[in-house]
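> here is a sequence with its predicted model. Questions after.
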Amino acid sequence: MTSVPGPESIDDLLDRVHVVALPMRVRFRGITEREVVLVEGPSGWGEFGAFPEYDDDEAANWLASAIEMAWQGPPPALRTRVAVNATIPAIAAGEVPAILDRFPGCTTVKVKVAESGQELVDDVARVAAVLQARPGVRVRVDANGGWGVDEAAAALRVLDQAVRAADPSRAPGTGPVSLDGPGLEYVEQPCATVDELVELRGRLAADGVRVDVAADESIRRAEDPLRVVRAGGADRAVVKVAPLGGPRRLLAVAAELGVPVTVSSALDSAVGVSAGVAAAAALPGCGDDDDAVPAAGLGTGGFFFEDVVEPGAFDLADGHLPVRTIGPDPARLAGLRAVAYRRDWWLDRIRRCHLLL
Ligand SMILES: O=C(O)CCC(=O)C1=CC=C[C@@H](O)[C@@H]1C(=O)O
Ligand SMILES: [Mg+2]
């Protein structure tokens, strides 16, 4: 009988964990401080950081991922570095250049759109500010399921045109914006449900709006991660290591999906991001060079004032992250240690999730 490597017991697991709280420079998915648990195993470090609102069944996948990294280590890499996208939260257009400065060399930018309380004009201004600051970058947007079908169809036409109109190779005053120029690379999770995504893809095709639809929450939070693509709701997939239960499971899901995949962060510390980089580095792509797969959404480390590694140990350089084994700096683990009642909360959660594995 083969068994999956892991801790000898729950006590063995709990003896190896460190709960940290990372203060953030910018509000992202509604939070300003990110708590995660780091686990040291015989093969390296893993990260358990299921978002607090996730129930134990869902969070157990994240624990499986942490255990996989700590007891098995990363899967074999096909490349030595991974291209990363810049991530622009739903901020005011005027703040875009300062955020972009945290992503040196990134040639793909993901812009959050459809934020509640904002309007399409805010999204267009944010995208325009990106293209003004970095002319010629590839732009993708992420609505986190915030639009209905009608709203999405209308917004994507406008945003796609805004990107085409900003094409630096297009001379001003040359008439209608070309439909052949580079528009939006894709939209991530424009609507919440699979049925809506299917309907939207039909609508975009009928309207002649050629924007790919990528599924994120419909994979990350679904019982069956393959369903959305099989149902015809997505041209692409966004895949995250921890929600899928680890890098090897991510690679298996990606192979079955059969569409281009973008590996993305779950707002992880450097330890979690390194697992994402390892998965992206192991993905078969068109060729084995470091740009053979879509730019990964793994540049979120800059959102923290302080990460668990020393500055320079795992930095973005020339738009890429290195494929590297990451261990936290002991002084930072101590300095970033979560307060006692939060540590107890995470340890209880680990106990419950461990029973589900
Ligand atoms: O993909 C990226 O560029 C960064 C990661 C990112 O956008 C996310 C990280 C964590 C939680 C998610 O709400 C969010 C996403 O929707 O993809
Ligand atoms: Mg997303």
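Structure's in. What do you need? What you are looking at is a predicted structure, and each value in this text was computed from that prediction instead of being measured. Ligands and ions are numbered 1, 2, ... in the order given.
> closest residue of the chain to ligand 1?
In the chain, no residue comes nearer to ligand 1 than residue 297, which is 2.2 Å away by C-beta to the nearest ligand atom. Yep, even glycine has a C-beta here, placed from its N, CA and C like the rest.
> if I read this right, that residue contacts residue 267, doesn't it?
No - with contact defined as C-beta atoms under 8 Å, residue 297 and residue 267 do not form a contacting pair (10.2 Å).
> so these two - more neighbours on which side?
residue 297 (26 against 22; other C-beta atoms under 10 Å).
> list the contacts for that one?
84-85, 87, 110, 238, 262-265 (C-beta atoms under 8 Å, 6 or more residues apart in numbering).
> who in the stretch 51-200 of the chain is up against ligand 1?
Residues of the stretch 51-200 of the chain that fall close to ligand 1, judged by C-beta under 6 Å from any ligand atom: 85, 87, 110, 142, 144.
> tell me the average confidence for the host helix or strand of the third one?
Right, the one you point to is residue 110. Using DSSP states H and E, residue 110 falls within strand 108-112. Mean pLDDT, strand 108-112: 98.
> contacts only, for the closest residue to residue 44 other than its chain neighbours.
Spatially, and ignoring its direct neighbours in sequence, residue 44 is nearest to residue 73 (5.2 Å; C-beta to C-beta, 6 or more residues apart in numbering). Residues near residue 73 by C-beta under 8 Å, 6+ apart: 43-44, 325.
> burial count for residue 317?
11.
> same question, residue 296
Residue 296 has 27 nearby residues by other C-beta under 10 Å.
> quick one: residues contacting it.
82-85, 262-264, 276-277, 280, 321.
> out of those residues, which comes closest to ligand 2?
The closest of the contacts of residue 296 to ligand 2 turns out to be residue 264 (C-beta to the ion; 6.7 Å).
> so the closest one sits against residue 216, correct?
Yes - applying C-beta under 8 Å, one finds residue 264 in contact with residue 216, separated by 7.3 Å.
> ranges for the strands of the stretch 1-150 of the chain?
Ranges of strands in the stretch 1-150 of the chain, per DSSP state E, counting those that start in this stretch, are 17-28, 31-41, 44-48, 81-83, 86-88, 108-112, 138-142.
> does the last one reach ligand 2?
Yes - applying C-beta under 5 Å from the ion, one finds that strand 138-142 is in contact with ligand 2 at residue 142.
> now that strand, how far from the chain's geometric center?
13 Å (C-alpha atoms, centre = their mean, to the nearest Å).
> can you pull the pLDDT of the closest residue to ligand 2 within the stretch 151-300 of the chain?
Closest residue of the stretch 151-300 of the chain to ligand 2, C-beta to the ion: residue 216 (3.6 Å). We have a pLDDT of 97 for residue 216.
> residues contacting it?
Residue 216 touches 142, 144, 188-189, 238, 264, counting by C-beta under 8 Å, 6+ apart.
> ok so, going back, shared neighbours of residue 264 and residue 216, which are they?
residue 238.
> what's the spacing between the most centrally placed residue in the chain and residue 277?
Closest to where the C-alpha atoms of the chain average out (C-alpha atoms, centre = their mean) is residue 264, at 2.5 Å. When C-beta to C-beta, to the nearest Å is the yardstick, residue 264 and residue 277 sit 11 Å from each other.
> give me the low-pLDDT residue ranges for this structure?
Low-confidence segments of the chain (pLDDT under 70): 1-2, 170-181, 286-290.
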